[in-house]
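[1] pasting the structure only:
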């Protein structure tokens, strides 16, 4: 069985300065002023549009914002709301047109230009988005959210936290209490390996946004990178305490417990994550691993099969289910197909090759099993893989090679009991 890697944060670093951001706020990617409700003649349809967006009814929001725009054609704000509603419906070109109209109405205003830059970024036009943000910042030297947006883009798309760091610091120089910028800077510093500085910024974000689970969750990721699983577990618990239905916290907690061989605790965490997000593939794989570690092969198989049904190209689920079936000696043709698929998806992972070898051995194809396991050893020898290869050699009557595999495994881990047993059998 192949263990899952501990999950690392994959959140966009767009944390609001206020406590926990709502799903509606998270969706407002195109419109930095969408929540502002001016007291003008278009306020009533504008408010209806906001309500419809918050309720997940973008078609109704579109109609309301069009009414507001018709009522006040000289005002850009209804057009920003309209752009958001259109974007949520997947209407990319109409979104762009609404934003162009907003910029034409208020060419000097920051909000339409920032919304345009966000549209470019969300559309995958990264270079154009970066240029738009830089032009915006140059013309508006005190712009804070534009700096944060650009820095987020550099971190999440360009994978360049070093370029993002000064932008976050410039934002904080203008708004020292901006918890979102503190959080985002902490994330960038973590990626740069400056863990003590990252902790400092994340703790400042936690103080500024006490009800938000994201900062303690990120702190847990920092502690994992620092090799401190106890501290990571405490941070993930803090994230869950802040938001009990924060599924990533339960997932990360399960991963830590699984790595510490606490199968029962890990299974509880993964089950909790699945109560929140029933189709979560990472949670299903984690549940399969925890159940397998506890000897509950029925639940493990069910979890892996559900994961594959949801994500047919999930290599970990394919690999682990193939291994499980090989151990039980059943459905071996399907197990081989899954194992080969896992190898094709991640050909450089030795564990995947080893699983294929295990399946081939269960099928009685010892020559093919030896070839697969030899390739696994070439990619990355571990004591377990070497013992598996040595066992196949022994079954092929190649005792000297079996003994050599056992000795090599023991050189890596002198106390590895299966290697000691293989050495005795190889004579």
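    All right, it came through fine. Because the structure is predicted, anything quoted here is derived from the model rather than measured.
[2] where do the helices sit along the stretch 1-150 of the chain?
    In chain order, the stretch 1-150 of the chain shows helices spanning 23-27, 43-54, 58-71, 77-88, 92-105, 110-122, 126-139, 145-156, with DSSP state H, counting those that start in this stretch as the criterion.
[3] tell me, which of these is the model least confident about?
    Taking each of the helices of the stretch 1-150 of the chain in turn, the lowest mean pLDDT turns up on helix 23-27, with a mean of 35.
[4] okay, domains of this protein per the record?
    As recorded under automatic domain parsing, the domains making up the chain are 18-119, 124-243.
[5] next one: the longest one to chain centre, how far?
    Relative to its parent chain, domain 124-243 has a centroid offset of 16 Å by C-alpha atoms, centre = their mean, to the nearest Å.
[6] which residues touch residue 102?
    With C-beta atoms under 8 Å, 6 or more residues apart in numbering as the criterion, the residues that contact residue 102 are 76, 79-80, 83, 111-112, 115. Just so you know, the C-beta spots here come from the backbone N, C-alpha and C atoms, and that holds for glycine as well.
[7] one more time with 10 Å
    Each residue near residue 102 by C-beta atoms under 10 Å, 6 or more residues apart in numbering is listed here: 31, 69, 75-83, 109, 111-113, 115-116.
[8] out of these, which end up buried?
    With burial judged by 16 or more other C-beta atoms under 10 Å, the buried subset of the contacts of residue 102 is 31, 69, 75-83, 111-113, 115-116.
[9] distance check, the closest residue to residue 390 other than its chain neighbours against residue 423.
    In this structure, residue 390 finds its nearest non-sequential neighbour in residue 405, 3.2 Å apart by C-beta to C-beta, 6 or more residues apart in numbering. Residue 405 sits 9 Å away from residue 423, taking C-beta to C-beta, to the nearest Å as the criterion.
[10] run through this protein and note the low-pLDDT ranges.
    Residues of the chain that meet the criterion pLDDT under 70 lie in 1-41.
[11] again, only this time at 90
    Within the chain, the stretches with pLDDT under 90 are 1-44, 47, 54, 427.
[12] pretty sure residue 318 contacts residue 345?
    Yes. With contacts defined as C-beta atoms under 10 Å, residue 318 counts as touching residue 345 at a distance of 7.5 Å.
[13] more neighbours: which of those two?
    It is residue 318, of residue 318 and residue 345, that has more neighbours when counted by other C-beta atoms under 10 Å, with 28 against 15.
[14] mind listing what the more buried one touches?
    304, 307-308, 311-312, 335, 337-346, 352, 355.
[15] please pick the buried ones from the residues you listed.
    Those of these that meet the buried threshold are 304, 307-308, 311, 335, 338-343, 352, 355, by 16+ other C-beta under 10 Å.
[16] which of those residues lies closest to residue 197?
    Nearest to residue 197 among the buried ones among the contacts of residue 318 is residue 311, at 36.2 Å by C-beta to C-beta.
[17] can you count the residues close to the residue nearest to that closest one when sequence neighbours are not counted?
    On the basis of C-beta to C-beta, 6+ apart, the spatially nearest residue to residue 311 that is not a chain neighbour turns out to be residue 281, at 4.6 Å. By the measure other C-beta under 10 Å, the count of residues near residue 281 is 17.
[18] these two touch, right, residue 281 and residue 310?
    Yes. Applying C-beta under 10 Å as the test, residue 281 and residue 310 come out as touching, 5.4 Å apart.
[19] next, show the common contact partners of the two.
    Residues touching both residue 281 and residue 310 (C-beta under 10 Å, 6+ apart) are residue 317.
[20] what ranges do the helices span in the stretch 301-427 of the chain?
    Under the criterion DSSP H, counting those that start in this stretch, the stretch 301-427 of the chain carries helices at the ranges 315-328, 332-345, 350-362, 366-380, 383-395, 399-412, 417-426.
[21] can you lay out the ones you listed as TSV showing distance to residue 120?
    As requested, these are arranged in TSV below (distance: least, C-beta to C-beta, whole Å):
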stretch	distance to residue 120
helix 315-328	33
helix 332-345	32
helix 350-362	39
helix 366-380	41
helix 383-395	47
helix 399-412	51
helix 417-426	56
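[22] residue 85 versus residue 48, what's the distance?
    Per C-beta to C-beta, residue 48 is found 11 Å from residue 85.
[23] if you could redo that for residue 299, that was the one I meant.
    Relative to residue 85, residue 299 is positioned 43 Å away (C-beta to C-beta).
[24] ok, residue 119 next?
    Distance of residue 119 to residue 85, given as C-beta to C-beta: 13 Å.
[25] more crowded one of these two?
    Of the pair residue 119 and residue 85, residue 85 is the one with more neighbours under other C-beta under 10 Å, namely 29 against 25.
[26] ok, the more buried one - contacts?
    Contacts for residue 85 were tallied using C-beta under 10 Å, 6+ apart; they are 30-31, 34, 49, 52-53, 57-66, 91, 94-95, 98.
[27] over to residue 415?
    Residue 415 is in contact with residue 383, counting by C-beta under 10 Å, 6+ apart.
[28] cool, and residue 244?
    Contacts were defined as C-beta under 10 Å, 6+ apart; by that measure residue 244 touches 213, 250, 272, 276.
[29] residue 139: neighbouring residues, count only.
    Residue 139 is flanked by 12 other residues according to other C-beta under 10 Å.
[30] oh, I was asking about residue 177
    11.
[31] residue 144 is in contact with that one, correct?
    No. Applying C-beta under 10 Å, one finds residue 177 not in contact with residue 144, separated by 11.2 Å.
[32] give the contact list for the nearest residue to residue 53 once chain neighbours are set aside.
    When the adjacent residues along the chain are set aside, residue 53 lies closest to residue 61, with 4.6 Å between them (C-beta to C-beta, 6+ apart). Contacts here follow C-beta under 10 Å, 6+ apart; on that basis residue 61 touches 48-55, 81-82, 84-86, 88-89.
[33] how much space separates residue 61 from residue 115?
    The spacing between residue 61 and residue 115, counted by C-beta to C-beta, is 15 Å.
[34] what does residue 411 give?
    Residue 411 sits at a distance of 61 Å from residue 115 (criterion: C-beta to C-beta).
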